[in-house]
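**Student:** structure for this input, please:
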Amino acid sequence: MVTARESGFAPESLANSPAAIQERVNAGRISWAGPLLLVLARSFLLMAAQGLVSLILLARHCPAPWRTAGDWWSVYGTLVDIGCLIGLCYFTRREGIRLRDLIGPIRMRRGHDLLLGLGYYLLIFPFFLGANYVARILLYRSNVTTLNSYLVRSHTLPVWAMVYSLTLWWMIWSPTEETTYQAYALPRLKALTGRTWLALLIVGFWWTAQHCALPFIPDGRFLLYRFLSFLPGLLIMMLLYLRTRRLAPLIIAHLPMDIAAAIITTIYSPF
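**Tutor:** Predicted structure coming up:
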């Protein structure tokens with residue numbers, strides 16, 4: 001038996017290694033329920049949270065409560081994170097591992113993971129920008145900006161909500177999102193299906209769908225635009241994880257994008 005020291009990996013990375021996951025699948029400690037539930041959870045929890053906020057606004061006689069509720073996504077998004085963290089704790093405990101085991105080793109000595117994460121960001125972000133541009137051209141026939149009024153429009157949040165969105169929301173959101181889709185669902189669906197491409201398809205679809213619910217706007221063309229804008233970049237992130245099995249650098253690469261999203265939708269409101 002190869003020890004953690006001999007393998008060069010920390011014990012927590014071995015707990016979430018492909019071999020360890022496959023062993024738990026074969027032993028019946030990992031079923032389809034956990035990965036499928038959690039890969040679906042974030043999209044549906046986001047819409048449920050938006051619905052809850054819209055009911056509160058409706059009771060306060062707010063015009064367009066669903067649309068207005070969507071402006072609060074960087075606040076109620078933490079409810080989604082809490083739900084996913086509860087699910088992750090429950091299903092990892094059933095496997096006999098810890099939530100911490102999903103994250104794996106963190107190597108901050110000499111800024112290793114920080115620099116690697118920034119490198120990943122520089123690699124991945126152009127795919128999001130390029131896909132966004134192509135999706136605009138394909139679906140709107142021009143590089144229009146008015147469609148962003150769904151996301152970036154004049155709205156006023158209380159000061160506490162703005163401060164929360166710009167300071168704490170992204171610190172919880174990015175690690176929870178990466179852990180849910182990458183460290184938990186993706187490798188387990190790969191082991192359960194026996195097909196890497198199928199796991200990528202399932203997780204990629206629902207991870208992309210999550211971004212169509214930030215907030216959810218019932219406009220088919222806009223939803224397709226959002227889907228096409230995010231899919232290529234998320235596929236690159238999943239391939240990086242499957243290749244390296246390192247989550248910490250991908251969380252660091254994810255943080256600047258979520259910080260920018262919080263700034264743009266909370267402060268920059270030109271419409």
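**Student:** give me the nearest residue to A161, chain neighbours excluded.
**Tutor:** V75 (5.1 Å; C-beta to C-beta, 6 or more residues apart in numbering). Where you see a C-beta, it was placed from the backbone N, CA and C, and this is true even at glycine.
**Student:** measure the one you found to L58 for me?
**Tutor:** 18 Å (C-beta to C-beta, to the nearest Å).
**Student:** between the two, who's got more neighbours?
**Tutor:** More crowded of V75 and L58, by other C-beta atoms under 10 Å: V75, with 20 against 15.
**Student:** ok, that one to A262 distance?
**Tutor:** 10 Å.
**Student:** one more: A20?
**Tutor:** 36 Å.
**Student:** neighbour count winner among these two?
**Tutor:** It is A262, of A20 and A262, that has more neighbours when counted by other C-beta under 10 Å, with 21 against 17.
**Student:** let me see the contact set for that one.
**Tutor:** 74, 165-166, 169-170 (C-beta atoms under 8 Å, 6 or more residues apart in numbering).
**Student:** also I263?
**Tutor:** By C-beta under 8 Å, 6+ apart, the contact set of I263 is L166.
**Student:** compute the distance between it and P63, please.
**Tutor:** Distance from I263 to P63, by C-beta to C-beta: 27 Å.
**Student:** just I82 next, same as before
**Tutor:** Distance from I82 to P63, by C-beta to C-beta: 30 Å.
**Student:** cool, D113 as well?
**Tutor:** 47 Å.
**Student:** the two: which has the busier surroundings?
**Tutor:** D113 (21 against 8).
**Student:** contacts for the helix or strand hosting E177, please.
**Tutor:** Using DSSP states H and E, E177 falls within helix 170-178. Contact with helix 170-178 is made by 42, 74, 77-78, 81, 84-85, 103, 210, 247, 250-251, 254-255, 258-259, 261-262, as judged by C-beta under 8 Å, 6+ apart.
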